[in-house]
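Q: The following comprises the amino acid sequence and a computationally predicted model.
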Amino acid sequence: MKKINGLKLPDAVGEIMDALEESGHEAFIVGGCVRDVLRGAEPADWDMCTDASPREMFAIFGKPEKKSEKDGEYYSGWRIFDTGARHGTVGILINDKLYEVTTYRVDGNYADNRHPDSVRFSRSIEDDLARRDFTVNAMAYNKKRGLIDLFGGQEDLQNGIIRCVGNPAERYLEDALRIMRAMRFSAQLSFSIETNTYEAMNKYAYLLHNISEERIREEFVKTLTGIGSLQSLDRCRKVIGEIIPEAVPMFGLDQKNDYHCYDVWQHTLHVVHYVINTVPLKLAAFFHDIGKPPCMTLTEDGWGHFYGHEHMSAEMAESVMKRLKFDNKTTALVKELIWYHGIVFQQTEKHAKHMLNKFGAEKLDMLTELEIADVSSQAPSCAEERIANIEKFRGITADILEQQKCFSMRDMAIDGRDILELGVPQGPEVGRILKALFSGVIDEKIPNEKEILRREAEKML
C-alpha cells in the first residue's frame, strides 16, 4: 500500500492549503482522495477541509494577491464561489478547475434521514471526521500533522472492509443514502461489508424510500459498474429489493432447464459481471431477464420455458428506469438491447447485412456484447458453441464494415436523383423503387453497381 507521507499534492491543492495556513488556519485533504492515495489510485477529486469559516475563506480568496503571466495576459490566481456556504462549502476556481473546501462541522439532527436540520461549524478536525460515513472515508492529511486516522480507516483499507464510523444504525438514520453508498463502495473497491454495518443496512433499508430517485440512480449505476458488483449485489439483495422490487422474484428462481447452471438472479449477476463496462450494457445486463418470473411456464415433464420474456423484460426495465429518472436516450437504448437480446445470429453475410441495416454498427456491437455475456453465464455444455457462433457472426460484420459493403440505402450506388432522371415523378414511387433495389442488393440478388441498378429500376417501370 502506498505511503502517504511525503505526498506531493497537485499545485492548485497545495496553493489553496498554503493560503489557508499562511492566514493562520488549518487545512487538510480529506475523505475519498486520502483513501485513493493510500490505495495507490489517482483521486478523481481533491476535497479539502479547514477550520476557516466560509466568511473567512471569502476574505482570504476573494482578492488574490498573486498574479501570473499566461499567454501574454495577466489573470487572477483564483476565484471563489458559494457552492454551499450555508453548510460550510465554498468552491475555489484555479486554472478552470473547481476545488471544494469545507469548514469543519458538526451536523444537527436528520429529520428526513438525508439532510441535517442544522450545521454547526467547528475548529476541530476530529469533530469533522467523526460525522463521516465509513472509516475508509474518514481520514485526513496535511504536511504538518501527517495522516489523521481516528477510526481505523487505514487498517480497514488494508483488509478490504467497509465499516461505518461509530454506530451503523445512527449513521443510516442520519442519512439513509449511506446504505446505497456502502453497497456502492463494496462494489467499486471489491471490499466486504463489516457484519454490524451490513446488518444495519438490511434493518434500515426501508429508509431508502425517503431518498430521491436521482440519488438512488447514481449510486445504483456506480454499483453496477464496480469491479466487485457481482458479490456486492448478491449480498445486498435486501437493498435491491427496496429500490427495485421487480427484481425480487428473480432471487433463487430455478430455471429448470439444462441450458442454465444458475438461478435467474445468479445468472443475471454473472451477465453483469461479464459484459463490458459501459453504463447502457451494465443496465441491459441487469434488466435483461427481469421479466422471466412472470413469463415462466413448465412442461408436463417439468422443463422451464420463458416465452416472450425479452419483451416483458424490456417493458419492465423501461418502467423502472423511468421511475429512477434515467434520461430518455439511455432508457430507449437499454430497452432496445433487452428487447432483441434473444436474437440468434446466423453466420451469413446476408443476415449480417440485415442486422447492420436494422441496428447500425455501434448498436449491433453492443447487442453482440450483451449476447456473449448472456451465453457465457449459461451452462458450459452449451455455451462454448454458441459463443463461437456469435464471434463468427461478428467477424462477418467486421469484414462488411472493413470492405465498406452495402448494408444501408445510403450505401447504394444509386439514389433518388437517378430514379427521377428515369422519368419517375417525384413522390412515393421513388422510395418504393429504391427500397426494392436495396432489398435486392442486401439479399445479394443484385450487384451494387450503378448501371445494373438503373437497368433494374427501368424494368420496375
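A: Cool, got the structure.
Q: other SSEs contacting the longest helix belonging to the chain?
A: The longest helix of the chain (DSSP state H) is helix 380-402. Helices and strands touching helix 380-402, by 3 or more Cβ pairs under 8 Å, 6 or more residues apart in numbering; DSSP states H and E, are helix 349-359, helix 361-376. Using the backbone N, CA and C atoms, a C-beta is placed for each residue, glycine as well.
Q: To which secondary structure element type does Val320 belong?
A: Classification of Val320 by DSSP: H, G, I helix; E, B strand; the rest coil places it in helix.
Q: Next up, the contacts around Ile442.
A: 350, 353-354, 357, 406-407 (Cβ atoms under 8 Å, 6 or more residues apart in numbering).
Q: Can you select the buried ones from the residues you listed in ChimeraX?
A: Remark: buried members of the contacts of Ile442, expressed as a ChimeraX selection using 16 or more other Cβ atoms under 10 Å:
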select :353,357,406,407
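Q: I'd like the contacts of Ile442 laid out as JSON lines, including pLDDT and distance to Glu391.
A: As requested, the contacts of Ile442 are exported to JSON lines (pLDDT from 0 to 100; distance: Cβ to Cβ, whole Å):
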{"residue": "Lys350", "pLDDT": "92", "distance to Glu391": "18"}
{"residue": "Lys353", "pLDDT": "93", "distance to Glu391": "18"}
{"residue": "His354", "pLDDT": "92", "distance to Glu391": "19"}
{"residue": "Asn357", "pLDDT": "93", "distance to Glu391": "21"}
{"residue": "Cys406", "pLDDT": "87", "distance to Glu391": "24"}
{"residue": "Phe407", "pLDDT": "87", "distance to Glu391": "19"}
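Q: just the contacts of Ile442 now: which is nearest Val344?
A: His354 (13.0 Å; Cβ to Cβ).
Q: any idea how far Lys392 is from the residue nearest to the closest one when sequence neighbours are not counted?
A: Nearest non-adjacent residue to His354, counting by Cβ to Cβ, 6 or more residues apart in numbering: Ile442, 6.4 Å away. Going from Ile442 to Lys392 by Cβ to Cβ, to the nearest Å gives 20 Å.
Q: quick one, strands of the stretch 151-300 of the chain?
A: 161-162, 192-193, 297-298 (DSSP state E, counting those that start in this stretch).
Q: Most tightly packed of the ones you listed?
A: Comparing the strands of the stretch 151-300 of the chain by mean neighbour count (mean count of other Cβ atoms under 10 Å), strand 161-162 comes out on top with a mean of 24.
Q: Span of stretch 191-207 from start to end?
A: 23 Å (Cα to Cα, to the nearest Å).
Q: and the residue nearest to Leu93 when sequence neighbours are not counted, how many neighbours does it have?
A: Nearest residue to Leu93, sequence neighbours excluded (Cβ to Cβ, 6+ apart): Arg79, at 4.4 Å. Neighbour count for Arg79, taken as other Cβ atoms under 10 Å: 14.
Q: List the beta-bridge partners for Cys164.
A: Beta-bridge pairing of Cys164 under DSSP bridges involves Phe134.
Q: so who does it touch?
A: 133-135, 171-172, 178, 182, 194, 196-197, 200.
Q: Out of those residues, list just those in helices.
A: 171-172, 178, 182, 196-197, 200.
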